[in-house]
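Asker: Here's my sequence, what's the structure:
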Amino acid sequence: MVPAWRLRAAFARRLSDMYGAEVPAYTTLLEVAGQVNDDVLRKSGAAAERLGSIERVTAERHGAIRVGTPRELRQVARVFGALGMEPVGFYDLRDAAGSAVPVVSTAFRPVRAEELARNPFRVFTSLLTCDDRRFFDADLQARLEEFLARRQLFPPELLELAELGEREGGLPEELAERFLALAVAAFELSPGPVDRAWYEELEEVSAVAADIGGVTSTHINHLTPRVLDIDELYRRMEDRGVAMIDRIQGPPRWDGPDVLLRQTSFRALAEPRAFREPDGRVTGGSLRVRFGEVEARGIALTRAGRALYDELVTEPAEVWAARFPRTERELAVRRLAFFTYGPVAGRPRDGARPPRDLAGLLDGGWVTAHPIVYEDFLPRSAAGIFQSNLDRAGTRDAGARAAAAYDQEWLAGAMERPVHDPFDLCAAQQDRSLARTLHALDLEETP
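Answerer: Numbering: from 1, shown residues only. Down below sits the predicted model:
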């Protein structure tokens, strides 16, 4: 049997190879990211691996796809389920961007720490909200849903193999090879002609809606490597003449701990596509829908830490530096970020009893704190990346609303599987490590 984590690692590698062949600038992005990571490792040594080994950082990718209906979302969840990837988080991008981005999203990824360590591949997956009257009137909704109902994104054989793989936790080698080939092919850019009139009608509303509902297939919109110095990568990409979006999304650069997620991308490239004209002719043209994103990951914040971040997100860097904790210790003691804890090995025996407060345990050399990496996404940043790569803002009726109340509970029902809360996952990991540590110190009460 090929276990799920090996399927996931192989799928991520093959997807990266495919995307590099289709979008050569992505290969340039990988090359520059590798150079920056090597330079940071040489300069900083072990500190460069504080948030993950260089092997993990180098292998790390997240992809992004878009689907049109709950049925398609259930199917893609089955494919990712065979790779040991589960839905985590709910992201509403409709109000997070100034332009028309009519989607809600989740991310499929491993949820256990040991699985993330083996291969942390993630896919940010967006679902079109066809019933949102801010973007689609009743007539366009009906025609859009009819179009989406007719298409088949994933072949039945792939879905059958995915179901088997998820149930068994892996696949026999020969079936694994077939599954991987079908899965990668499902996310390739289709050479089939695009109905020009239909695509352009949707594009007037939203370029994102056109990319989802204006074609008969899905595809990888971007594939994202991880870099240890995103500011330096941004500079080097521009030096190579690659057009980048206008800013790095997420927290500012500063001299304190890296937290959450910083992202940027090169601008979507004009790619040749075939179009079917109203008279039936097939003509040439181009579309700008795929881009190259890159990310730098930091420490996961608790709900209180996230509330502080959200309060400061639009403030200049000097305000951020004045109000946000400047050390990991302060983040831990103030319960603003997540850490795993362990007893200090070989602490000199001085007859003292360990204190019962976390600050005392840390300052007295009883306990070490290791940051938990933020494995998830920021809706404002995701929407900002989407928006920065659009040629037009689209349209929106601010006075109308969606018919459905989209939230995490709705999403779980649509997929017919639970959606994990990212805060809960981090809290459980932290609590387990703290309980083990306190037991080792013969302390029973949580500090």
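
Asker: most remote residue from this protein's center?
Answerer: Ranking residues of the chain by C-alpha distance from their mean position (Cα atoms, centre = their mean) puts Gly351 at the top, at 48.4 Å.

Asker: burial measure for the residue nearest to Ala176 when sequence neighbours are not counted, as a count.
Answerer: Excluding the flanking residues, the one nearest Ala176 by Cβ to Cβ, 6 or more residues apart in numbering is Val2, at 4.0 Å. Where you see a C-beta, it was placed from the backbone N, CA and C, and this is true even at glycine. For Val2, the count of nearby residues is 18 (other Cβ atoms under 10 Å).

Asker: Bridged to Val88, which residues?
Answerer: Taking DSSP bridges as the rule, Val88 bridges to Ala107, His420.

Asker: dump the residue contacts of it.
Answerer: 106-109, 111, 375-376, 419-422, 425 (Cβ atoms under 8 Å, 6 or more residues apart in numbering).

Asker: what does Ala337 give?
Answerer: Applying Cβ under 8 Å, 6+ apart, the residues near Ala337 are 257, 259, 299-302, 305, 328, 331, 371-372.

Asker: Now intersect those with the strands, please.
Answerer: Pro371 (DSSP state E).

Asker: So the most centrally placed residue in the chain: helix, strand or coil?
Answerer: Residue closest to the mean C-alpha point of the chain, counted by Cα atoms, centre = their mean, is Phe124 at 4.5 Å. Look at Phe124: counting by DSSP: H, G, I helix; E, B strand; the rest coil, its state is strand.

Asker: How many neighbouring residues does the residue lying closest to it once chain neighbours are set aside have?
Answerer: Distance criterion Cβ to Cβ, 6+ apart; nearest residue to Phe124, sequence neighbours excluded, is Ala64 at 4.4 Å. Ala64 has 23 neighbours, counted by other Cβ under 10 Å.

Asker: Listing request: residues of the stretch 1-150 of the chain with sub-threshold pLDDT.
Answerer: Residues of the stretch 1-150 of the chain meeting the criterion pLDDT under 70: 97-98.

Asker: the helices in it, which residues?
Answerer: With helices called from DSSP state H, counting those that start in this stretch, the stretch 1-150 of the chain shows them at 4-22, 24-44, 54-59, 70-81, 113-118, 138-150.

Asker: Quick check: which of those is nearest to Phe187?
Answerer: helix 4-22 (6.6 Å; Cβ to Cβ).

Asker: now what about that closest one, what contacts it?
Answerer: Contacts of helix 4-22 (Cβ under 8 Å, 6+ apart): 2, 26-27, 30, 59, 61, 63, 82-85, 110, 115, 118-119, 121, 165-166, 169-171, 176, 179-180, 183-184, 187-189, 220, 223, 290.

Asker: how far out from the middle of the chain is it?
Answerer: Remark: helix 4-22 is offset 16 Å from the chain centroid, using Cα atoms, centre = their mean, to the nearest Å.

Asker: so what pLDDT did Ala403 get?
Answerer: Looking at Ala403, its pLDDT is 77.

Asker: meant to ask about Ser286
Answerer: pLDDT at Ser286 comes out at 89.

Asker: what residues are up against it?
Answerer: 270-273 are the contacts of Ser286 under Cβ under 8 Å, 6+ apart.

Asker: for Arg240, same thing?
Answerer: 28, 32.

Asker: That concludes my questions; thank you for your assistance.
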